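In: Just a sequence and a predicted model for now, questions to come.
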Amino acid sequence: MKYFAMIPTALMALSTAAMAETYVLDPGHTEVRFYWNHAGLTRQSGEWTNISGTIDFDGVDAAATKANIKIDATSLHTGVEDLDAILSGPDFFDVETYPTITFTSTSAFQTGADTMRLIGDLKIKDTNVEVALDLRRTFQGAHPMGGFFEYYEGTWLGAEATSTLLRTNHGVGQFAPLTSDEILLEISAEMRAGGWPE
């Protein structure tokens with residue numbers, strides 16, 4: 001996910017900030033990828049390339065961290081046009097009927113010095129399922145490119161997140177388990193405090 005930004009999402013609870021601050025996902029540097037096993041032969045992958053959303057990050061109280069992520073389901077890309085058409089069609093994501101995938105967090109707790117677990121509702125098609133994202137903060141502070149480009153000025157967060165899902169729980173279970181039911185979700189995100197001026 002350029003998601004998925006799908007998503008989501010650098011929400012580690014070790015900053016010295018005393019209040020939650022809203023960070024906006026950078027769509028050009030946020031991606032959401034998903035991986036599956038094809039009939040026991042190979043690991044395959046796809047991604048969503050259009051992700052947006054915000055994260056309220058509290059560096060003192062991890063429980064106050066909140067995320068609202070929106071994925072454009074029509075931006076699905078595997079690198080194989082025929083497979084994109086199949087996955088976007090009614091047997092899988094049915095993007096004409098359900099063009100948006102959302103994640104809305106409901107709770108969060110710290111799991112380590114730079115890690116936390118974010119619990120929330122993942123809505124795919126007409127299913128809304130609670131999932132857990134294991135997050136690792138990779139960066140916080142002034143962007144290294146901020147001195148060269150106005151776009152990168154301000155305070156930034158970087159994060160990576162993973163989750164393991166069963167696609168049959170989300171209404172996209174065609175051909176499971178021949179093609180694996182278990183899906184690995186990986187999110188990599190950069191986000192800027194307050195977003196960008198209009």
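Out: Alright, I've got the coordinates.
In: contacts and neighbour counts: CA atoms only from here.
Out: OK.
In: Quick check: bridge partners of Thr162?
Out: With DSSP bridges as the criterion, the beta-bridge partners of Thr162 are Asp134, Glu186.
In: right, and it touches Glu186 too?
Out: Yes: using C-alpha atoms under 8 Å, Thr162 is in contact with Glu186, at 4.6 Å.
In: Which of the two has more residues huddled nearby?
Out: Taking other C-alpha atoms under 10 Å, Thr162 and Glu186 do not tie; Glu186 has more neighbours (22 against 19).
In: quick one: contacts for the more buried one?
Out: 32-34, 160-163 (C-alpha atoms under 8 Å, 6 or more residues apart in numbering).
In: cool, Leu87 as well?
Out: By C-alpha under 8 Å, 6+ apart, the contact set of Leu87 is 93-94.
In: Quick check: the closest residue to Thr127 other than its chain neighbours vs Glu130, distance?
Out: Excluding its sequence neighbours, the residue lying closest to Thr127 (C-alpha to C-alpha, 6 or more residues apart in numbering) is His170, at 5.7 Å. From His170 across to Glu130, the span is 10 Å (C-alpha to C-alpha, to the nearest Å).
In: What about the spatially closest residue to Met191 that is not a sequence neighbour? Give its phi and psi, please.
Out: Spatial nearest neighbour of Met191, excluding adjacent residues (C-alpha to C-alpha, 6+ apart): Leu25 at 4.2 Å. Backbone torsions for Leu25, taken as degrees, to the nearest 10, come to phi -60, psi 140.
In: How many neighbouring residues does Leu25 have?
Out: 32.
In: Fine by me, thanks again.
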